[in-house]
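> compute the structure for the input listed below.
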Amino acid sequence: MPSFTEENYLKAIYKLAEASPGSEVSTNGIAEALQTRAASVTDMLRRLGEKGLLHYQRYRGVSLTPEGRQLALLTIRKHRLWEVFLVQKLGFNWDEVHDVAEQMEHIHSPLLVRRLDEFLGFPRLDPHGDPIPTEDGAVLRPRNRLVADLAPGDHGRLMAVKNTSPAFLQYLDKVGLKLGSDIEVLDKIEFDNSLEIKINSTTILMLSPEVGRNLFVADQA
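Model prediction:
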């Protein structure tokens with residue numbers, strides 16, 4: 001059974017690999033993601049490699065073995081199910097759940113996770129729109145587009161956020177953007193690619209390019 005720290009490493013490596021498909025994950029990238037020293041990362045990678053959870057060669061990057069990938073996805077599955085539980089059943093706001101779910105994701109009880117999934121009605125997405133891996137490790141990814149890639153006249157429904165920091169989620173709450181909001185692009189400013197959008201056919205809002213790169217929409221018919 002992996003330790004809390006080992007699970008955090010596997011999850012971080014999986015997410016870094018997911019963000020850059022086809023390339024191996026660097027030691028420095030892991031250190032930055034986990035906010036730790038590169039020397040500490042090297043020691044942990046050696047340990048995880050000895051356990052058969054990843055392939056590691058000094059100076060050549062890291063990739064997860066099938067077993068390591070499965071454990072990473074299980075940790076992510078638990079994290080996202082607990083986020084759903086906290087929002088839907090305990091009334092947490094979506095900007096409050098990450099740190100709590102970080103603690104709860106390390107509970108080692110397959111039966112509890114199975115019962116939690118059933119209790120929640122087998123949700124496919126967490127409160128931020130991220131897919132919840134299935135028990136066998138399948139990840140069903142919606143085919144969404146970044147708001148930043150939309151053109152004037154395009155419509156979409158806000159389905160997910162890329163940046164899940166409390167500050168960003170609080171900003172979205174403040175301007176009235178939440179999952180399920182209908183977005184229509186009215187104009188794209190040539191100077192900096194900022195967007196003028198209409199939310200739910202009523203509110204008009206200017207979005208910076210940075211915000212647009214952190215919002216995903218599904219096309220509306």
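
> quote the end-to-end distance of stretch 8-28.
16 Å (Cα to Cα, to the nearest Å).

> ok, residues contacting it?
2, 29-30, 33-34, 38, 41-42, 44-45, 48, 53-54, 60-64, 68-69, 71-73, 75-76, 79 (Cβ atoms under 8 Å, 6 or more residues apart in numbering). Using the backbone N, CA and C atoms, a C-beta is placed for each residue, glycine as well.

> in it, which residues are buried?
For stretch 8-28, burial by neighbour count (16 or more other Cβ atoms under 10 Å) applies to 8-14, 16-17, 24-27.

> just to revisit the earlier point, could you flag which of the contacts of stretch 8-28 are buried?
2, 29-30, 33-34, 41, 44-45, 48, 53-54, 61-64, 68-69, 71-73, 75-76, 79.

> tell me which of these fall in strands.
54, 61-64 (DSSP state E).

> of all the residues you listed, which two lie farthest apart?
Using Cβ to Cβ, the two most remote members of those are Gly61 and Leu64, lying 11.5 Å apart.

> okay, and the residue nearest to Arg157 when sequence neighbours are not counted sits in which element?
Excluding the flanking residues, the one nearest Arg157 by Cβ to Cβ, 6 or more residues apart in numbering is Ala218, at 5.2 Å. Using DSSP states H and E, Ala218 sits in strand 215-219.

> likewise Ala151?
Per DSSP H and E, there is no helix or strand for Ala151.

> and it, how far from Ser181?
Look at Ala151 and Ser181: by Cβ to Cβ, to the nearest Å, they are 19 Å apart.

> and what of Gly137?
Distance from Gly137 to Ser181, by Cβ to Cβ: 31 Å.

> these two: which is more packed in?
Ser181 (18 against 15; other Cβ atoms under 10 Å).

> which residues does the residue lying closest to the more buried one once chain neighbours are set aside bridge with?
Once flanking residues are discounted, Ser181 sits nearest to Leu158: 4.5 Å by Cβ to Cβ, 6+ apart. Legend: beta-bridge partners of Leu158 under DSSP bridges are Val217.
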